[in-house]
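K.L.:
Just a sequence and a predicted model for now, questions to come.
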Amino acid sequence: MTLRCALIVTNQVDACIRTLSGLIQDTRLPKPVLFNLSTGTETYPEAYPEKIKEQLLEVIKNNECHFLCFSIVDLFLTRTIDLMRYLKEKTRLPVIVGGIHAELYPEQTIKISEVDAICAGEAYQSFINVLLNWEKRFELDMPDFWFKHENDEIKKNKLTPFYHGSAFEKIPIPDFSYTNYHLLDGDKLRDISDTPDAGPFRVEQHQIGHEGTIIYSSMAGCSNHCSFCNLTAQFQLRKAQCDSEIVRPFRYKPLNIVEKELE
């Protein structure tokens with residue numbers, strides 16, 4: 001099967017697209033094309049220049065992608081929507097949106113005119129099924145995903161509990177390679193497939209620069225509940241949605257999984 005996805009992130013953390021790439025490669029589907037379009041917060045705050053959009057479009061067309069998958073955070077929402085609209089107009093491909101913005105504001109996100117589907121929960125269970133059965137998305141049960149009809153009616157599937165602890169053993173290891181990985185470097189999109197080691201680019205995490213590193217996290221969420229943080233909002237939302245289940249403010253991977261991934 002030649003079905004291929006473009007996995008796009010416009011913020012500095014690429015863990016989401018690496019996880020999805022790992023899920024995809026655990027199936028018979030070909031490896032997706034990954035795009036890291038992160039920049040400083042003052043660079044292209046509203047929209048990427050046409051030159052960058054054109055480069056991205058060329059790579060997507062050359063790789064014959066079938067889906068455009070975006071991970072959205074609030075900080076870069078405006079430029080992500082602008083890019084989404086550009087690519088949708090040029091390719092007419094289905095647009096699937098995930099990330100914490102889609103989870104916290106699903107009603108707003110699904111109403112973006114170019115969006116065809118959102119992941120309102122976690123993608124581990126249903127993402128591959130969505131890709132393989134796109135034409136049957138309104139018929140099948142695909143937990144955590146919402147789908148928009150042509151008449152703007154929305155099919156909302158149930159949410160599933162967050163993965164935690166030993167449940168992570170069911171998930172393929174994220175794709176930590178740089179094969180088919182395209183990095184925005186200034187105003188040029190670079191294919192860094194031949195990069196021999198991890199972390200060839202500068203990472204800006206919480207405004208602290210790290211040269212030649214990657215971001216690896218063995219947990220999700222946070223034990224603090226700072227009022228300004230969207231992780232707190234995510235926890236409160238999830239707690240309300242899954243009232244009968246145990247909902248933890250943070251989750252962790254077992255040590256054996258962490259060791260395997262680091263190796």
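P.N.:
Nice, thanks for sending it over. Numbers count the residues shown, from 1 in each chain.
K.L.:
any weak-confidence spans in the chain?
P.N.:
Under the criterion pLDDT under 70, the flagged ranges of the chain are 1, 41, 196-215, 241-249.
K.L.:
for it, which residue is closest to the average position?
P.N.:
residue 71 (3.5 Å; C-alpha atoms, centre = their mean).
K.L.:
tell me the contacts of the residue lying closest to that residue once chain neighbours are set aside?
P.N.:
Counting by C-beta to C-beta, 6 or more residues apart in numbering, residue 71 lies nearest to residue 99, which is 3.9 Å off, once chain neighbours are set aside. In this view, the C-beta of every residue, glycine as well, is placed from N, C-alpha and C. Applying C-beta atoms under 8 Å, 6 or more residues apart in numbering, we find residue 99 in contact with 16, 70-73.
K.L.:
Which of these fall within strands?
P.N.:
Here DSSP state E is the test, and those give 70-71 as lying in strands.
K.L.:
Out of the contacts of residue 99, which is nearest to residue 5?
P.N.:
Checking the contacts of residue 99 against residue 5 by C-beta to C-beta gives residue 70 as the nearest, at 10.9 Å.
K.L.:
Quick check, that closest one in contact with residue 93.
P.N.:
No - counting by C-beta atoms under 8 Å, residue 70 sits too far from residue 93 to count as a contact (11.6 Å).
K.L.:
does residue 150 count as helix, strand or coil?
P.N.:
Three-state call for residue 150 (DSSP: H, G, I helix; E, B strand; the rest coil): coil.
K.L.:
Compare neighbour counts for residue 70 and residue 93 and give me the winner.
P.N.:
Shown here are residue 70 and residue 93; by other C-beta atoms under 10 Å, residue 70 has more neighbours (28 against 17).
K.L.:
Contact partners for that one?
P.N.:
Shown in contact with residue 70 (C-beta under 8 Å, 6+ apart): 8-10, 80, 84, 95-99.
K.L.:
Just the ones of those in helices?
P.N.:
Taking DSSP state H as the definition of helices, the contacts of residue 70 contribute 80, 84.
K.L.:
Considering the contacts of residue 70, which is situated nearest to residue 61?
P.N.:
residue 8 (14.5 Å).
K.L.:
neighbours around the closest one, how many?
P.N.:
Residues near residue 8, counting by other C-beta under 10 Å: 26.
K.L.:
Tell me what the closest residue to it other than its chain neighbours is bridged to.
P.N.:
Nearest non-adjacent residue to residue 8, counting by C-beta to C-beta, 6+ apart: residue 35, 4.5 Å away. Residues in a beta bridge with residue 35, per DSSP bridges, are residue 8, residue 182.
K.L.:
I figured residue 35 was touching residue 5, is that so?
P.N.:
No - in this structure, residue 35 is not within contact of residue 5 by C-beta under 8 Å, at 10.7 Å.
K.L.:
ok so, going back, including distance to residue 42, could the contacts of residue 99 go into a markdown table?
P.N.:
Formatted as a markdown table, the contacts of residue 99 follow (distance: C-beta to C-beta, whole Å):
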| residue | distance to residue 42 |
| --- | --- |
| 16 | 23 |
| 70 | 22 |
| 71 | 21 |
| 72 | 19 |
| 73 | 16 |
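K.L.:
Go through the contacts of residue 99 and say which is closest to residue 263.
P.N.:
Using C-beta to C-beta, the contacts of residue 99 come closest to residue 263 at residue 16, 21.7 Å.
K.L.:
Do you have the strands of the stretch 151-263 of the chain handy? List them.
P.N.:
Counting by DSSP state E, counting those that start in this stretch, one finds strands in the stretch 151-263 of the chain at the ranges 154-156, 181-185, 188-191, 203-205, 208-210, 219-221, 250-252.
K.L.:
can you redo those as CSV with mean neighbour count and distance to residue 238?
P.N.:
Shown next, in CSV, are the strands of the stretch 151-263 of the chain (neighbours: other C-beta atoms under 10 Å; distance: least, C-beta to C-beta, whole Å):
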stretch, mean neighbour count, distance to residue 238
strand 154-156, 14, 16
strand 181-185, 20, 31
strand 188-191, 15, 35
strand 203-205, 14, 24
strand 208-210, 10, 28
strand 219-221, 16, 9
strand 250-252, 15, 11
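K.L.:
Sounds good, over and out.
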